[in-house]
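**Student:** kindly generate the corresponding structure for this input.
(2 chains)
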Amino acid sequence: MRPRHARRGSILLLSIFFLVTLFFLAMALLQLLPVELNAARWARMNQEASYAADAGITDSITWLEEVLAGKQGRLSDLTEDFERGGSFGDWTWVVTVEPDQQTRENNPVRVFRLTSVASLDGRPHRRIVADVRQDSFAHYLTFIGASSNEAYWRLDRNSKLEGPMHVNGVASIAYDNQWFQTGVPFFEGTYTASGFHVPSGKPAGFGDGVRYRNFAGFDNSDTPYNEDGVPIPERYDRIFTRGREALKTGVREREMPETSRSLAMEAWGETPLPLDQGVHLDTSSTSKNKKGILIQGDVESLELSVVQGNSVMAVTQGTGEAKKETRVTILSENGMTLPAGAEVNGAILPRDLVLETGNTVVQKPDAGGRKIFAVAPGVTNGLVYCTGSINGLQGQNKGRRTIAVDVENNKDIVISGDLTRQDTPVGEKPAGTEDLLGLLGMNIRIGNSVERDLEAPLQLYCSVFAGRRNSDGQYEGSFLVDDVDSSGAGKFIIYGSVVRAQDSPWLMSWVNSGGAYIGSTGFVSDMKYDSAAAANPPPFFPTMPTLRVLSWREEPYR
Amino acid sequence: MRSTRPDGMTLAETLVSMAILAILGLILLRIYNVSHQAYGRGTGQIALQQKARFLMEQMTPLLLSAAPPHEGAKALFSSDSASIVFYVPDKNFQPRNPNYVRVGIYHNDVDKTVWLENSVTPLSSQDDMFRARELARDIYDLRLGLPTENTVRVTVEVHQLTRTAGGGRDDQEYLLESLVQIPYYSKN
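**Tutor:** Take a look at the predicted model:
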């Protein structure tokens, strides 16, 4: 008989065979595991790094907005690059804030570049570079500081609102009873409102916050949401080009500034304003002038024109015997020769003086038969500030310009004719921002001297900012039509923003005692959105303490 | 006393042993095949994941850079589920005079490739010059949806044929879905 121990070899062999097989299986699994683990770890790390870098940008934007709102620090301190830091779990982030060059040049639209780097254990992993720009009121096609209960937008099949709209208060929209069957989208941009309307008998938060009306002005039960408040997308699509997402209610209020005094300082500087009536130009500076033009007193007419390629403003003050004319020429394309014997900046010219381009010349009313000039280097910062009202404004504008009056003292600007711009043929939409015009006053009025003709509309190439929010929180002033309830009907086309504190009517429809339509008075409006002006508004056009992200680049740190 | 029984195993023992060994062998072969197949599927799955993630990693930063081309505009546009169009800052981006170029990402269903197309000049019209480059290949399907104005839902579907234990072929697929929310451009 074979000894028992002789058979143990086969068991050994089998054991080895199994061991080797199991070893290979384990190796295969082990090979898979780290790849999976690494992939998961890497994905998680990338995600965390993104969140950390994102947190840095969000923190910096919030902080900058607080500064812009005057709640923290002073913006004037932000002249150099600086850093902010923080942590996010195990991660840390450092943001470098770089104010751009023009932020330092008193441009009210501040621009910053934010570079956020997220690190783990001191090792940088992720970087986000974002450019942010301060919001301007010129962003809106139309803005209403305080909506009254009676004002609402009527949806019209023949017109549309091309750009964003905002109302401080409840948004109110009216339409006919066939709108959800045959209507076409009226709002092409977003519609934001700080108020939130709840239909009677419904709980708080019901609906979308808009007050829907019929054409008679009563609440409309035919809403774009159903009886449970659930949106009906196809109905919203008939109101907004971008559907339900274009409507945002209950957003924060956008406050209009209380005063335009800061603009007086931008036009003249920190020294006290000259008290004598007339047009003033600071001639003390020898470097390129960064100030504007100051007009003391009421202006009867301000006519803009372009003469030999240069922008000219003819300012008339006083009437009758006291009438005085001043001519401001900004030598941007051609020089000018001032005659011998004229008084220039207080000195008599012994001989003709040839002025090159890049200067600003104010020809004041003659005194004692002598021509009087004020000359300053530079083409100004684009601001024309008047302490009184401007009772007639029209003409063709050249250059980036804002004409402002003293809002705090209820000064108005009256438009007396077309306001066109040199870089854009009349009737066409502006493409650039070279010859932008902004108007700022308590009331900006279309004067009663403007001809009302529906076939020959008033052309307004400008952005309008009318009114203010006073210290009591009340909104005053508007963009309005003189004699809106008489003198027939005309039409105006405006290419730019219309920002107004109150929503005064521009057009009134009249019915007889039987309810039949008998005619309209005032102006039919046609607002064209100028997106270029919205991104790069007229100089010193009011801004908001919010920042808008313009670009965002996220990348691994190398 | 000398045993009359011969040394070695009887036929019955041998047959039983061989049967056991054969069963064991078959089991092991089966285990091996299953393991091999699992390994193949595992590595195949990893390859598919890598392919899908690679595309996603290329697309995500691009989508994150999407911005409205002008005030009041949307940032993202989608005409069908296989393509998306958006604008990104121009190379020489000036915040005070922002310029954007148009970018399109689309999936070619015929050759299963994903392409990136961008306009050469800022804010160009449809007729302008475009530069195209391939982002990824062997992408069975790419679906791009816009659940909100500022969010893109990206679904990448990749396929791969692997050999089965029985010698057949198995169509492996991997689906990667991701939501990319572009940064806000205006707050309310």
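**Student:** make it CA atoms for all contacts and neighbour counts henceforth
**Tutor:** Fine.
**Student:** mean confidence (pLDDT) on stretch B:44-53, please.
**Tutor:** Across stretch B:44-53, the average pLDDT comes to 87.
**Student:** buried residues in that stretch?
**Tutor:** For stretch B:44-53, the neighbour count (16 or more other Cα atoms under 10 Å in any protein chain shown) marks B:44-46, B:48-49, B:51-53 as buried.
**Student:** give me phi/psi at the spatially closest residue to residue A:475 that is not a sequence neighbour?
**Tutor:** Spatially, and ignoring its direct neighbours in sequence, residue A:475 is nearest to residue A:469 (4.4 Å; Cα to Cα, 6 or more residues apart in numbering or on different chains). Main-chain torsions, residue A:469, degrees, to the nearest 10: phi -110, psi 110.
**Student:** just residue A:13 next, same as before
**Tutor:** Dihedral angles (degrees, to the nearest 10) for residue A:13: phi -60, psi -50.
**Student:** any idea how far chain B is from it?
**Tutor:** 12 Å (Cα to the nearest Cα, to the nearest Å).
**Student:** okay, now that residue: neighbour count?
**Tutor:** Neighbours of residue A:13 under the rule other Cα atoms under 10 Å in any protein chain shown: 11.
**Student:** figure out the helix or strand that the closest residue to residue A:94 other than its chain neighbours lives in.
**Tutor:** Distances taken as Cα to Cα, 6+ apart place residue A:85 nearest to residue A:94, at 4.3 Å, with adjacent residues excluded. In this structure, residue A:85 is located in strand A:82-88 according to DSSP states H and E.
**Student:** helices or strands up against the next helix or strand after that strand?
**Tutor:** Going down the chain from strand A:82-88, the next helix or strand is strand A:91-99, by DSSP H and E. Judged by 3 or more Cα pairs under 8 Å, 6 or more residues apart in numbering or on different chains; DSSP states H and E, the packing partners of strand A:91-99 are helix A:8-68, strand A:82-88, strand A:111-120.
**Student:** one step back: and the residue nearest to residue A:475, what does it touch?
**Tutor:** By Cα atoms under 8 Å, 6 or more residues apart in numbering or on different chains, the contact list for residue A:469 reads A:145, A:255-258, A:475-476, A:501.
**Student:** go through those and name the one nearest chain B.
**Tutor:** Taking Cα to the nearest Cα as the measure, residue A:255 is the one of the contacts of residue A:469 closest to chain B, at 12.9 Å.
**Student:** close enough to count as contact, the closest one and residue A:146?
**Tutor:** No - the pair residue A:255 / residue A:146 is not scored as a contact, 9.8 Å apart, by Cα atoms under 8 Å.
**Student:** quick one, which of the two is more surrounded?
**Tutor:** When residue A:255 and residue A:146 are compared for neighbours, residue A:146 comes out ahead with 21 against 18, by other Cα under 10 Å.
**Student:** report the spatially nearest residue to the more buried one, omitting neighbours in sequence.
**Tutor:** The spatial neighbour of residue A:146 that comes closest, neighbours along the chain excluded (Cα to Cα, 6+ apart), is residue A:168 at 5.1 Å.
**Student:** count the residues that sit near that neighbour.
**Tutor:** By the criterion of other Cα under 10 Å, residue A:168 has 24 neighbours.
**Student:** quick one, what contacts it?
**Tutor:** Going by Cα under 8 Å, 6+ apart, residue A:168 touches A:144-147, A:193-195, A:253-254.
**Student:** format the residues you listed as a markdown table; extra columns: secondary structure and pLDDT.
**Tutor:** Putting the contacts of residue A:168 into a markdown table (DSSP: H, G, I helix; E, B strand; the rest coil; pLDDT from 0 to 100) gives the following:
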| residue | secondary structure | pLDDT |
| --- | --- | --- |
| A:144 | strand | 94 |
| A:145 | strand | 93 |
| A:146 | strand | 87 |
| A:147 | coil | 71 |
| A:193 | strand | 93 |
| A:194 | coil | 92 |
| A:195 | coil | 91 |
| A:253 | coil | 89 |
| A:254 | coil | 90 |
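**Student:** output the set of residues of the stretch 51-200 of chain A in proximity to chain B.
**Tutor:** Residues of the stretch 51-200 of chain A lying near chain B by Cα under 8 Å from any Cα of the partner chain: A:111, A:131-133, A:139, A:163-164, A:189-190, A:192.
**Student:** and chain A, which residues reach chain B?
**Tutor:** Within chain A, the residues that sit near chain B (Cα under 8 Å from any Cα) are A:1-2, A:21, A:25, A:28-29, A:32, A:36, A:111, A:131-133, A:139, A:163-164, A:189-190, A:192, A:245, A:248, A:251-252, A:531-532, A:534-536, A:546-555.
**Student:** inside helices: which ones of those?
**Tutor:** Under the assignment DSSP state H, these contribute A:21, A:25, A:28-29, A:32, A:36, A:531-532, A:534-535 to helices.
**Student:** can you show me the helices along the stretch 201-350 of chain A?
**Tutor:** Counting by DSSP state H, counting those that start in this stretch, the stretch 201-350 of chain A has helices at residues A:233-236, A:261-268.
**Student:** mean pLDDT for the ones you listed: which is lowest?
**Tutor:** helix A:261-268 (a mean of 87).
**Student:** can I get the CA coordinates of that helix in PDB?
**Tutor:** C-alpha atoms of helix A:261-268 as PDB (Å, rounded to 0.1, in the frame of the first residue of the first chain):
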ATOM      1  CA  ARG A 261     -25.300 117.700  -6.900                       C
ATOM      2  CA  SER A 262     -22.400 115.300  -7.400                       C
ATOM      3  CA  LEU A 263     -22.600 116.100 -11.100                       C
ATOM      4  CA  ALA A 264     -22.100 119.800 -10.400                       C
ATOM      5  CA  MET A 265     -18.900 118.800  -8.800                       C
ATOM      6  CA  GLU A 266     -17.900 116.700 -11.700                       C
ATOM      7  CA  ALA A 267     -18.600 119.600 -14.000                       C
ATOM      8  CA  TRP A 268     -16.800 122.200 -12.100                       C
END
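**Student:** buried residues in it?
**Tutor:** Buried residues in helix A:261-268, defined by neighbour count with 16+ other Cα under 10 Å: A:261, A:263-268.
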